[in-house]
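>>> Build me a model:
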Amino acid sequence: MGKRRKILVPEARKALDELKAKVAGTEKPEDAKFEIAKENGVPLSRGYNGQLTAYEAGKTGGKLGGRMVQELIKMAKGNLENK
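Predicted structure coming up:
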């Protein structure tokens, strides 16, 4: 079964993009994956990246997604503690 890449709540796109930029430490969400790749020593560039191995690509996407999930969990815990 393939991964679902479509956001279930389209209105959440802006907030998810802001979270992506926050966890990567960038101003713009579109720069987030390049920042994470640079941190991990992955030669990701704008445009074609067919030379990357699956392992290298996973290091970039996995780190970014993992950090976003960690931040979402932290936010949810904070909301539960405030209630």
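>>> before we move on, what SS does Tyr48 have?
coil (DSSP: H, G, I helix; E, B strand; the rest coil).
>>> Give the burial count for it, as a bare number.
Tyr48 has 7 neighbours, counted by other CB atoms under 10 Å. C-betas here are computed from N, CA, C, even on glycine.
>>> what about Thr26, neighbour count?
Counted with other CB under 10 Å, the neighbours of Thr26 add up to 16.
>>> Quick check: phi and psi at it.
phi -120, psi 160 (degrees, to the nearest 10).
>>> ok, it touching Ala32?
Yes: between Thr26 and Ala32 there is a contact at 5.3 Å, judged by CB atoms under 8 Å.
>>> average pLDDT for stretch 64-78?
What stretch 64-78 shows for mean pLDDT is 93.
>>> May I have that stretch as PDB, with CA atoms only?
Extracted C-alpha coordinates of stretch 64-78, given in PDB (Å, rounded to 0.1, in the frame of the first residue of the first chain):
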ATOM      1  CA  LEU A  64      12.100  16.300   8.500                       C
ATOM      2  CA  GLY A  65       8.900  14.200   8.900                       C
ATOM      3  CA  GLY A  66      10.200  12.800  12.200                       C
ATOM      4  CA  ARG A  67      10.900  16.300  13.600                       C
ATOM      5  CA  MET A  68       7.500  17.500  12.500                       C
ATOM      6  CA  VAL A  69       5.800  14.500  14.300                       C
ATOM      7  CA  GLN A  70       7.800  15.200  17.500                       C
ATOM      8  CA  GLU A  71       6.800  18.800  17.400                       C
ATOM      9  CA  LEU A  72       3.100  17.900  16.900                       C
ATOM     10  CA  ILE A  73       3.200  15.500  19.800                       C
ATOM     11  CA  LYS A  74       4.800  18.100  22.000                       C
ATOM     12  CA  MET A  75       2.000  20.600  21.000                       C
ATOM     13  CA  ALA A  76      -0.700  18.000  21.800                       C
ATOM     14  CA  LYS A  77       0.800  17.300  25.200                       C
ATOM     15  CA  GLY A  78       0.900  21.000  26.000                       C
END
